[in-house]
Each structure stands twice: as C-alpha cells, then as structure tokens.
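**Q** 3D model of this:
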Amino acid sequence: MWPKKIKFLKNKFNFKDKKKNKVSTLQFLEYRKIQAFSKLQALRYGYFRRSDLKREKVKKIVCNINPFLKNINSSDPLIISIKGLAKFFLGEVIELSKQIMHEQSDSVEWVENPIQTSHIIHSIKCYFLSNF
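**A** So this is what the prediction gives:
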C-alpha cells in the first residue's frame, strides 16, 4: 500500500516543480526583454505596468457606445479584455508619440517635456494608417 502512495506523491511534486520551472523560465525571458530597453523605455514600461484603467469607467464607456450591454457586470471577461486592449492601445500611442517627438527634433526626455496634443494626434493618424 505504501509504495503506491509514495509514487503518487512523488509524481505530484514533480509536476509542481515542472510548473515552477516553466514560470521561472517565462520570468527570465521577460527580464531579458526588459534589459534590451533603453533607460527611458524602461521608465515608460514601468509606468505602463503600474497604470490601470478602472473597470467601472470602461463599463460606462462601453454602455454609452452600446446600450444593450448596460446590464453587464464589471468583472465580465468582455470588460476585462476591452480594458487590456485599451491599455495596449494607449501604450502604442505614447510610444509612437515619443518617436514623432524625436523625428520633429523635439525633446525625447520623458520628464522634462511632456507629449503635446499635436504629437498624440499625429501618432494616432500614423497608427491607423500603418495598421489598416
């Protein structure tokens, strides 16, 4: 009786170790990608990771666009996925705005000179022209 139980426990712990190794490998790969960033990109990436769009605000915007979704919960996967896509879109727009600032010989410094509305408008136009 004991050998089967010990074998079961051994397999169970090996599965957890494999899962732990997979997570640590993914973390290592993400760390290597972050190391390739410039100092300013790493700073913006840190701001991006800490930023958050509130679920209730996203739900309110979605309900204004489509009134049929007004009874949807804020924890619904649709709201969460829209929130993630919006965050990704904003990150892309900010990165393009910084590139446009560099091309127009404006400052590339993140803290000293903020992004102007003209850079944001131009980056949104470039984003939609290049992706569609």
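
**Q** I'd like to know which elements the helix or strand L43 falls within is packed against.
**A** Element membership of L43 [criterion: DSSP states H and E] is helix 39-50. Secondary-structure packing of helix 39-50 (3 or more Cβ pairs under 8 Å, 6 or more residues apart in numbering; DSSP states H and E): helix 77-103. For glycine as for every other residue, the C-beta is placed from the backbone atoms N, C-alpha and C.

**Q** Heading C-terminal from the helix it packs on, find the next helix or strand.
**A** Per DSSP H and E, helix 77-103 leads on to helix 117-131 as the next helix or strand towards the C-terminus.

**Q** Next, the angle helix 77-103 makes with the helix holding L43.
**A** Helix 39-50 runs at 160 degrees relative to helix 77-103, counting by axes from the mean of the first three to the mean of the last three Cα atoms, to 10 degrees.

**Q** in helix 39-50, what counts as buried?
**A** Within helix 39-50, the residues scored as buried using 16 or more other Cβ atoms under 10 Å are R44.

**Q** What average pLDDT does the very next helix or strand once past that helix get?
**A** Downstream of helix 39-50, the next assigned helix or strand under DSSP H and E is helix 55-65. Averaged over helix 55-65, pLDDT sits at 91.

**Q** Please apply the same query to stretch 90-100.
**A** Here the average pLDDT along stretch 90-100 is 88.

**Q** Sketch out the low-pLDDT regions of the chain for me.
**A** Where the chain drops to pLDDT under 70, the residues are 1-23, 106-112, 132.
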